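Chemist: Structure of the sequence below:
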Amino acid sequence: MAGVAATLALACAGPGGSSAGAPGRVASVSEAEWRSLATPRPAFLPGAVRLSVADVELLAEPAWGARAAVPARLGLAELVAAGLLRRADVHFVERRRFAAAVDAERSGAPRPAGAPAAGVSPGAELSASVTWLPVGGGRASLEVRLVATASGAVAGARRTTVPEDADPVGLARVTVATILVALAELGRLPTWSDLIAAAAPAEYVASGVAAVAVEGFFEGLAAEEAWSWERAREAYQAAAATGAFFEASAALARAARLRLGGTLGEG
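Modeler: Sure thing, here's the model as predicted:
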């Protein structure tokens, strides 16, 4: 753990010795390296549902929330989004930042430096909302609801139980799995063989991702929220380098695509 922490701290440090989430110089990379990082999204299978992640509600402060560079609910939502981004059986649709960008464009507000265009979104058919609630005895309830965006009707729901102290990456992965089960029950999940067995476990499994790597992911997210691409890249790269953290790699590829001229609607 100490070795991993030291590696991440060095990798996140720029020439001035600052972490990815702190002020200071950050080393830049060439356009060629950015292009190499911008791996394309997978081709969606026929029948893959257009799905967004809406509200993530944490009805208590999780153990890892106080250390996060972003609010815990946002951190969990983006870990879930990263888990969905790499899938071919689900067409993940960015909702939160796209809606904010569209509102800003309509109001005539100038686009912040480095921010991508809103673009055109395909629109989500279903929106997933997530609620996490401690229920006592060291356990917590995790509920996923799928809402039809056209009507607002609840199309499906699933609930599972997880340890109250579940790590955020493991919690995000079982949330993805719960979403997939709900989609399968609706007949909206194409058959797809995932090469990463741990990506969507049937029950909660501790991810084994080091806490310092998770903190690095959150630092990358905080930088990306501010369209600070180099800081986001360094933080995501360092987090991904610790191993078994494919969500960091997915977020890094998304950041690279946006940095190179992609739009939020394309995601």
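
Chemist: any chance you could map the strands in the chain?
Modeler: Taking DSSP state E, the strands of the chain run over residues 49-58, 90-92, 126-136, 139-148, 154-163.

Chemist: ok, residues contacting the last one?
Modeler: Outside strand 154-163, the residues within contact range by C-beta atoms under 8 Å, 6 or more residues apart in numbering are 126, 132, 135, 138-148, 171, 174, 178-179, 181-183, 185-186, 203-204. (C-beta placed from N, C-alpha, C; glycine too.)

Chemist: what's the answer for the longest one, then?
Modeler: Taking contacts as C-beta under 8 Å, 6+ apart, the residues outside strand 126-136 that touch it are 49-60, 62, 76-77, 80, 95, 140-149, 155, 161-162, 164, 171, 175, 179, 182-183, 188.

Chemist: Any of these buried? List them.
Modeler: Buried members of the contacts of strand 126-136, counted by 16 or more other C-beta atoms under 10 Å: 49-54, 56, 58, 62, 76-77, 80, 95, 140, 142-147, 149, 155, 162, 164, 171, 175, 179, 182-183, 188.

Chemist: ok now stretch 114-126, how far from the chain's centre?
Modeler: 16 Å (C-alpha atoms, centre = their mean, to the nearest Å).

Chemist: go on, stretch 142-161?
Modeler: So, by C-alpha atoms, centre = their mean, the centroid of stretch 142-161 is 19 Å from its chain's centroid.

Chemist: got a list of what the residue sitting nearest the centre point of the chain touches?
Modeler: For the chain, the residue nearest the mean C-alpha position is Glu78 (2.6 Å; C-alpha atoms, centre = their mean). By C-beta under 8 Å, 6+ apart, the residues touching Glu78 are Val70, Leu221, Ala251.

Chemist: go again using 6 Å as the cut-off
Modeler: Leu221 (C-beta atoms under 6 Å, 6 or more residues apart in numbering).

Chemist: Now do it against Gly138, distance only.
Modeler: Computed as C-beta to C-beta, to the nearest Å, the Glu78 to Gly138 distance reads 26 Å.

Chemist: Same check on Ala81?
Modeler: 28 Å.

Chemist: again with Ala68
Modeler: 22 Å.

Chemist: out of the two, which sits in the busier spot?
Modeler: Between Ala68 and Gly138, counting by other C-beta atoms under 10 Å, Ala68 is the more crowded of the two (21 against 9).
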